[in-house]
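Trainee: need the 3D shape of this:
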Amino acid sequence: MSSYRVLLLTTNSLLAYKKELGMLLVFLLYSYVSFGQSLHLKGKVMDVTNKAPIGYATVAAVGSTTASSTDDEGNFILKVEPNFSKIRISFVGYESQDISIGNETYQELTVYLVPEENTIETVEISAPRRARYSNKNNPAVELIRKVIAHKDENRIASYEYAEYRQYEKVSLGLSNLSEKFKNRKIFKNYQFLFEKEDVETGNSKGYSLPAFIEERLSQVYTRKKPNKTKQLILAEQRAQFDPKFVDNDGLSAYFNKLYQDIDIYESNIELVTNQFLSPIAGASPTFYRFYITDTIKTEIPHLVELSFFPRNKADLLFQGRLYITLDGKYAVKRANLSVADDINLNFVRDLDVKLDFAQDSLQRYYLKTSTLGLDFSLTDKGTGIKGTRTVTFDDFRTGIAQPDSVYAGAPVVKMIAENDTTMDETYWATHRPIALKPNEQNIYRNIDTLQLIPSFQRFMDISALILSGYKQAGPVEIGPVNTFYSFNPVEGFRLRLGGRTTDRLSKRFYAEGYTAYGFKDEKWKYFLSGTYALNNKSVYTFPQHYLRASVMRDTKIPGQNLDFVQEDNFLLSFKRGENERYLYNDIYRLEYKREFESNFSYLLGLSKWRQQPAGILTYQMLDESGNNRLFHELNTTELSVSLRYAPNEEFYQGKLYRTPIYNKYPIFYFNYIAGLKDVLGGEYDYHNFTLGADKRFYFSQLGYADVNIEGNYILGEQIPFPFLNIHRANQTYAYQLQSYNLMNFLEFVSDQSVSANVQYYMNGFILNKIPLIKKLKWREVFSVKAIYGSLRNENNPAYTNEVFQFQKNDDGKPITYGFGSSPYVEASVGLTNIFKFIRVDYVKRLNYLDQPDVPKHGIRVRVKFDF
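Mentor: I've put the predicted structure just below:
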């Protein structure tokens, strides 16, 4: 199965994008003890459509040879060893069902099987033919429509005012570990971490390695008009890893993104970065099959058990049971949700949701307890990562109006000081609504102990080198290793060595640098920067507040802008077409950056930039006689201001980049660059304005789209093309999200432009419906990129001799252009989730096809990890 969206990667960004999250597989170490007698199960298997018993159905423990069968009345008895957690019921003509079982010694179960669609039924003269499922005249569908009609009055948002105490707990660990794995020599010093667990392996009992736990206690206030929710975090603690290896705050944000709050009344429920359609969404009868499977009269009010199943088991849908009140409110009293085995969801072996609601003083239902269990694994069997998030809601009160000051400011506020020592175990023991399990209590101590073991520190050091590209060397880090070797037409073979200091040297001052040498141009390149943190935090920690000075001499391709990867990455050495137009850049830069808790930030910069053409790039201008006059360098001094606002943004802070954790909120940015003539040798005056926005749009079962809109305007006259907007091109074979993949370097320039970039992911909605193909779990992806701009005559060499001439090829034909009467457009259609991490696109260029040496179409590849 599968799950998460996260995020888009390129083949050349494997060592940069989301690698630190891969370290999870190294850290997750821990689970709970389960000893006991054999489990004795008895139950009955029935047809969900007519409650008829199903005889001779197979009942087996998943992962075992232990099995039984039902008698003529559908009854069965099965004895199961305690190391199994699921049984599977199957019969010809019905969809198999996996049922989770608890730890109780004696358990009774009632199981309903759903008839398969389009199957040939057994012919029995005495038995009526099974009716084909239909929404029409279906009492189960009529019931769910009443639940949908009463949604607004049953959800917490219907209260004018509500407040409650919320406790959250997330715990994770490696699971399904064998005895052989446990006894490996490498774990000789770590036996204290292993614990017995329930696993679905054959005859041997498995082990777990619990590795992460986080607890949070909050007071929450909500109001209806104006709609506002305020969460005051009163206390929190978690197992902390060494910050030089792991971004603990980012790891926490990542886990909380995977284990999100579940609101059954929302039309779409976000889990593991995907959106699942709620079984009580308005469109749910179109995507689900509903059956009334029981009436419960032992509770007041009486309940109806409503079972539901996805019409297409590959779609992002739940299956399970709802318990609906028969008191005219049609509220959800309980809900048990899981997913089908065939769901198009990566790396998720099991998903289990349990919701319990309680009545308040007004006899209305509110969520009392929410439990989400996820079992991640690369394969259906073997080692995985199992985690649980439990949320309880206590002291629920309504109708209490709080002053506006309570809701002012950010929606989530920490009320505790950093390193507060009063929140010790005594505090938690008295404030937790549910006690920790014995194994959970050990996690905090075990993680602290683990990090004191020298062999574990070495292991983490090696892991950091592999996953992030940096090697620890006392107070410095050497890397990134993927830049040590590369090649290009100008420098030939290029060797580079770099590194940076860590907080072991200083918590306020950080230095970074590298030196490189090209064996063809026989030139040394270098970079050196010094950063001083103004808030006594690492410069890589949110919120950033620093002053930085840097100097650089290095090469660059005009118009190449890369995301989450450095330009001398070895994989970027392979390019199509002619790519011998380079720059030698000498840049001196001073910058000041300030981030705020509200996710607003600004960056002020002052740069002195000297650029010299390299390779076959030329800077030339026509003189009065029509002869070419060559320029060997270009100098500018720039003042820059960048503003960025990303409400509710979350990310994982890696060694090099921040990996965004996408959500529904937009990101706005504004950049201004001023060229200062006669200041520090600057030769030109210009003003460059860029305004843009990024937004992810969710379409429920139809997937989601990432959209970027951007506009640019440059004020000034007689500006040479290196200072105009050289549009982002890509001549590598990797699909770049923010670049034009069939545009050549230096092909288009403008002094005013507007662009749109749409990446649409359908999550397999079409392919999930195609027999055989759906078993591959491929997903559709579409994109369109368009940009339209213009170039004023005073900046266009076709109309003036006061600016540099555009570039030409060996045949004397221009290869650099302004835009004509139509925008540049390229589109692609592709498949993602190939082998769970590869995206392949067929990209087609739709216009400007008569320009020399331009590709009309091509295949591009990208690495993209998604749940």
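
Trainee: and stretch 399-406, what's buried?
Mentor: When burial is assessed from 16 or more other CB atoms under 10 Å, stretch 399-406 yields no buried residues. No exception for glycine: its C-beta is placed from N, CA and C like everyone else's.

Trainee: same check on stretch 350-365?
Mentor: 350-357, 360, 364-365.

Trainee: what is the nearest of those residues to Thr273?
Mentor: Taking CB to CB as the measure, Leu351 is the one of these closest to Thr273, at 13.1 Å.

Trainee: which element, helix or strand, includes that closest one?
Mentor: Using DSSP states H and E, Leu351 sits in strand 348-359.

Trainee: mind giving me the packing neighbours of the helix or strand just after that strand?
Mentor: Next along the chain after strand 348-359, taking DSSP H and E as the criterion, comes strand 365-376. Where contact means 3 or more CB pairs under 8 Å, 6 or more residues apart in numbering; DSSP states H and E, strand 365-376 is packed against strand 161-177, strand 348-359, strand 384-398.

Trainee: okay, now stretch 55-64: how far is its last residue from its first?
Mentor: One end of stretch 55-64 to the other measures 22 Å (CA to CA, to the nearest Å).

Trainee: ok now it, how far from the chain's centre?
Mentor: Here stretch 55-64 is found 37 Å from its chain centre; the criterion is CA atoms, centre = their mean, to the nearest Å.

Trainee: mind listing what's buried along that stretch?
Mentor: 57-64.

Trainee: over to stretch 797-816?
Mentor: For stretch 797-816, burial by neighbour count (16+ other CB under 10 Å) applies to 797, 803-807, 815-816.

Trainee: now do stretch 508-525
Mentor: For stretch 508-525, by 16+ other CB under 10 Å, it's 510, 512-514, 516-518, 521, 523, 525.

Trainee: now these as a markdown table including secondary structure?
Mentor: Formatted as a markdown table, the buried residues of stretch 508-525 follow (DSSP: H, G, I helix; E, B strand; the rest coil):
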| residue | secondary structure |
| --- | --- |
| Tyr510 | strand |
| Glu512 | strand |
| Gly513 | strand |
| Tyr514 | strand |
| Ala516 | strand |
| Tyr517 | strand |
| Gly518 | strand |
| Asp521 | coil |
| Lys523 | strand |
| Lys525 | strand |
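
Trainee: could you dump those residues to a markdown table with distance to Ile714 and pLDDT?
Mentor: Output for the buried residues of stretch 508-525, formatted as a markdown table (distance: CB to CB, whole Å; pLDDT from 0 to 100):
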| residue | distance to Ile714 | pLDDT |
| --- | --- | --- |
| Tyr510 | 34 | 92 |
| Glu512 | 31 | 94 |
| Gly513 | 33 | 95 |
| Tyr514 | 32 | 95 |
| Ala516 | 32 | 95 |
| Tyr517 | 36 | 96 |
| Gly518 | 32 | 94 |
| Asp521 | 32 | 94 |
| Lys523 | 31 | 95 |
| Lys525 | 29 | 96 |
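
Trainee: residues near Asp623, how many?
Mentor: Neighbours of Asp623 under the rule other CB atoms under 10 Å: 10.

Trainee: name the nearest residue to it, sequence neighbours excluded.
Mentor: Distance criterion CB to CB, 6 or more residues apart in numbering; nearest residue to Asp623, sequence neighbours excluded, is Arg629 at 5.1 Å.

Trainee: what strand or helix carries that neighbour?
Mentor: Per DSSP H and E, Arg629 falls inside strand 628-631.

Trainee: try Thr293
Mentor: strand 288-296.

Trainee: any residues touching that strand, and which ones?
Mentor: By CB atoms under 8 Å, 6 or more residues apart in numbering, the residues outside strand 288-296 that reach it are 48-49, 51, 110, 112, 114, 133, 138-141, 143-144, 277, 279, 302-311, 317, 321, 323.

Trainee: do stretch 300-310 as well
Mentor: With contacts defined as CB under 8 Å, 6+ apart, stretch 300-310 is touched by 48, 95, 112, 114, 140, 143-144, 279, 284, 287-296, 317-327, 333-334, 340, 343.

Trainee: so which elements touch the strand holding Leu351?
Mentor: Using 3+ CB pairs under 8 Å, 6+ apart: strand 348-359 touches strand 332-338, strand 365-376.
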